[in-house]
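A.B. asks: sequence first, then the predicted structure, then my questions.
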Amino acid sequence: MAESVQEFFDTLPERADTTKTEGMNHSYAFDIDGAGQWTVKVADGKVTVDQGAEAADVTISAPQDVFQKIVAGEQNPTAAYMTGKLKLKGDMGAAMKLQKLFP
C-alpha cells in the first residue's frame, strides 16, 4: 500500500474536491487501530484535519489494514461496515456523505 494512514490525513485537505464538499458542515472522528486518531472537519466545503479525536458528528473506527484498503479502493466501505470491519457511531446521514471526501 503506497500511502500510510498518516499521509492520507496529512494530504486530505489538498485532495478533497471542494465542488463535491460544498455546503457540507460535518465533523468526523477517525479512530484507526494501529495508526492513531484524527478529526476531519468540513465547514462549507473546506476540509481541515487535526491530530487526535474530538467530539464529532460521526466516529469511524477500523483496523489500520482495513482503512488502508478502503482508501486504496481495494475494500468497499459499505461491505466493510456490513461485515463489522468498519464501525460507525453517530449521524448516519453525515456518514453517507463521507464518500465525497475520498477522491
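C.D. replies: Arrived safely. Residues are numbered from 1 along each chain as shown.
A.B. asks: where is the longest helix in this structure?
C.D. replies: Assignment by DSSP state H gives helix 5-15 as the longest helix of the chain.
A.B. asks: the helix or strand following that helix - contacts with which helices or strands?
C.D. replies: Sequence order places helix 18-21 as the next helix or strand after helix 5-15, per DSSP states H and E. With contacts defined as 3 or more C-beta pairs under 8 Å, 6 or more residues apart in numbering; DSSP states H and E, the packing partners of helix 18-21 are strand 46-51. Every C-beta, even on glycine, is put in place using the N, C-alpha and C of the backbone.
A.B. asks: how far away is D65 from V40?
C.D. replies: D65 sits 20 Å away from V40, going by C-beta to C-beta, to the nearest Å.
A.B. asks: distance from the chain centre to the longest helix of the chain, please.
C.D. replies: Chain-centre distance of helix 5-15: 10 Å, with C-alpha atoms, centre = their mean, to the nearest Å.
A.B. asks: residues of that helix that come out buried?
C.D. replies: Across helix 5-15, burial judged by 16 or more other C-beta atoms under 10 Å covers V5, F8, F9, L12.
A.B. asks: need the residues you listed in a markdown table with distance to E74, can you?
C.D. replies: As requested, the buried residues of helix 5-15 are exported to a markdown table (distance: C-beta to C-beta, whole Å):
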| residue | distance to E74 |
| --- | --- |
| V5 | 14 |
| F8 | 14 |
| F9 | 18 |
| L12 | 18 |
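A.B. asks: cool, thanks, talk later.
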